[in-house]
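>>> below are the sequence and a predicted model; questions follow.
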Amino acid sequence: MNPKKQRFNIQQIFIIVLVSVLLDVLMTVFSAFEWASLKYLLLIPILVFVAAYDFKFRIIPNWLILAGLILWILCISGDFAYYYLSEDQVCLIQTVKGAYMQTPQEIALCGFLSSICCTTFCALVAWLTGKITRQSAFGMGDIKMIFMLCLFFDIRLGAVLIILACIVGLVFMLIAKFASKKQYENSIPFGFALALAALVLIIV
């Protein structure tokens, strides 16, 4: 596809921004606002853009992955600042299902190990499926997306994210098959499924 055509028009951007704001409001309703949940409020717009972009153009732009990585680095830096500037030196990490008291070092290590393990597993699956079926289960954009997303979750939720994304993708393929959307019958925009799965984990 021509890169010049891989752009949203004004109306589409407005809808994406509106959906992002509504999801942020929904998350705030489900969980009281605090420093620990700020990273997920900022991650939601990135996920909405990834879902929309991958669904429409079948590609995950590197700048969206980079935006997520920069967000994680800034949030970890904020965790360190919050931890060492607070009187009780307690840092909370929001893990979607609740908050745990951890040091910023543990938060960073938890996310990094989750990212490495989940990315390595998916890369291995992609390599094996490519060798066996000549069609890789994950594209390079999907692998980079998994690396970025799993930084925000522990390894348990990282595994749940991948499984949930596969379920979302399977449901999407079945819907596409019955709706006669031939461009999605044999393959799915997995970045779209990953983004939806991450949104579910964050908000629910």
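Perfect, thanks for sending it. Numbering: from 1, shown residues only.

>>> now do the strands in the protein.
If DSSP state E is used as the criterion, the strands of the chain fall at 91-94, 99-102.

>>> hey, least reliable of those strands by pLDDT?
Of all the strands of the chain, mean pLDDT reaches its minimum on strand 91-94 (a mean of 51).

>>> so how far is T28 from the residue most central in space within the chain?
For the chain, the residue whose C-alpha lies nearest the mean C-alpha position (C-alpha atoms, centre = their mean) is L149; its distance is 4.1 Å. The gap separating L149 from T28 is 21 Å, by C-beta to C-beta, to the nearest Å. For every residue, glycine as well, the C-beta is placed using N, CA and C.

>>> can you tell me the closest non-neighbouring residue to M173?
I188 (5.4 Å; C-beta to C-beta, 6 or more residues apart in numbering).

>>> contacts only, for I175.
Residues in contact with I175 (C-beta atoms under 8 Å, 6 or more residues apart in numbering): none are found.

>>> report the mean per-residue pLDDT for stretch 193-200.
95.

>>> pull out the buried positions in it.
Residues 193-199 are the ones in stretch 193-200 that count as buried (16 or more other C-beta atoms under 10 Å).

>>> isn't I188 right next to G169, touching?
Yes - assessed by C-beta atoms under 8 Å, I188 is found in contact with G169 at 4.4 Å.

>>> gap between the nearest residue to L149 once chain neighbours are set aside and Y53?
Of all residues not flanking L149 in the chain, A198 sits nearest, at 5.5 Å (C-beta to C-beta, 6+ apart). Between A198 and Y53 the computed distance is 15 Å (C-beta to C-beta).

>>> do C75 as well
Counting by C-beta to C-beta, the gap between C75 and Y53 amounts to 23 Å.

>>> and for T120?
Between T120 and Y53 the computed distance is 26 Å (C-beta to C-beta).

>>> swap in L113?
Noted for L113: a distance of 28 Å to Y53, by C-beta to C-beta.

>>> next one: F138
Distance from F138 to Y53, by C-beta to C-beta: 17 Å.

>>> quick revisit: and the residue nearest to L149, what does it touch?
Counted by C-beta under 8 Å, 6+ apart, A198 has contacts 43, 47, 149, 152, 161, 165.

>>> check contacts around the nearest residue to the last one once chain neighbours are set aside.
Same thing as A165. In this structure, A165 finds its nearest non-sequential neighbour in A197, 4.0 Å apart by C-beta to C-beta, 6+ apart. By C-beta under 8 Å, 6+ apart, the contact set of A197 is 161-162, 164-165, 167-168.

>>> and for P189?
P189 neighbours (C-beta under 8 Å, 6+ apart): 54-55, 58.

>>> could you single out the nearest of those to D142?
Nearest to D142 among the contacts of P189, counting by C-beta to C-beta, is D54 at 8.9 Å.
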